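Q: Predicted model follows, preceded by the sequence.
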Amino acid sequence: MDDSFMKQLGTELAPGTAALVLLVVSATEDKVVQELGGQYQGKLLQTNLSAEEEERLRETIDAVQAQRA
């Protein structure tokens, strides 16, 4: 994550909201999402995963958020 990404993120945040930025070196996507417990109603902005891995992560996040709703 470089400075330009962080600055862009700051400009896109609505007043009264926050961003959680994670740098995960090695993990299994579903375990990271499970550990967060679906407590954050956010969205995935950027990864360095393959398109297939990123889609799987997005689906996992959506499933956890749907369980919380």
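A: Received, thanks.

Q: alpha carbons only for contacts and neighbour counts from here, please
A: Will do.

Q: Quick check: which ranges of the protein have low pLDDT?
A: Within the chain, the segments meeting pLDDT under 70 span 37-42, 69.

Q: Strands along that one, start to end?
A: Read by DSSP state E, the chain holds no strands at all.

Q: report the longest helix in it, please.
A: Secondary structure assigned by DSSP state H gives helix 51-68 as the longest helix of the chain.

Q: Can you pull up the most central residue in this protein?
A: Most central in the chain under CA atoms, centre = their mean is Leu44, positioned 3.6 Å from the mean C-alpha point.

Q: How about that residue: what's its closest non-neighbour residue?
A: Arg58 (7.0 Å; CA to CA, 6 or more residues apart in numbering).

Q: I'd guessed that neighbour sits against Thr47; true?
A: No - the pair Arg58 / Thr47 is not scored as a contact, 10.7 Å apart, by CA atoms under 8 Å.

Q: more crowded one of these two?
A: Arg58 (16 against 13; other CA atoms under 10 Å).

Q: Which residue ranges of this structure form helices?
A: Applying DSSP H to the chain gives helices spanning 3-12, 29-36, 51-68.

Q: Make CSV from the ones you listed and add distance to Leu23 to it.
A: Formatted as CSV, the helices of the chain follow (distance: least, CA to CA, whole Å):
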stretch, distance to Leu23
helix 3-12, 13
helix 29-36, 11
helix 51-68, 15
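
Q: Ala19 is nearest to which of those helices?
A: For Ala19, the closest of the helices of the chain is helix 3-12, at 8.0 Å, according to CA to CA.

Q: That closest one: which residues count as buried?
A: Of all the residues in helix 3-12, not one is buried under the rule 16 or more other CA atoms under 10 Å.

Q: So which residues make contact with it?
A: Among residues not part of helix 3-12, none is counted as a contact by CA atoms under 8 Å, 6 or more residues apart in numbering.

Q: can you give me how far that helix is from the chain middle?
A: 15 Å (CA atoms, centre = their mean, to the nearest Å).

Q: what's the answer for stretch 22-40, then?
A: That offset, for stretch 22-40, works out to 8 Å (CA atoms, centre = their mean).
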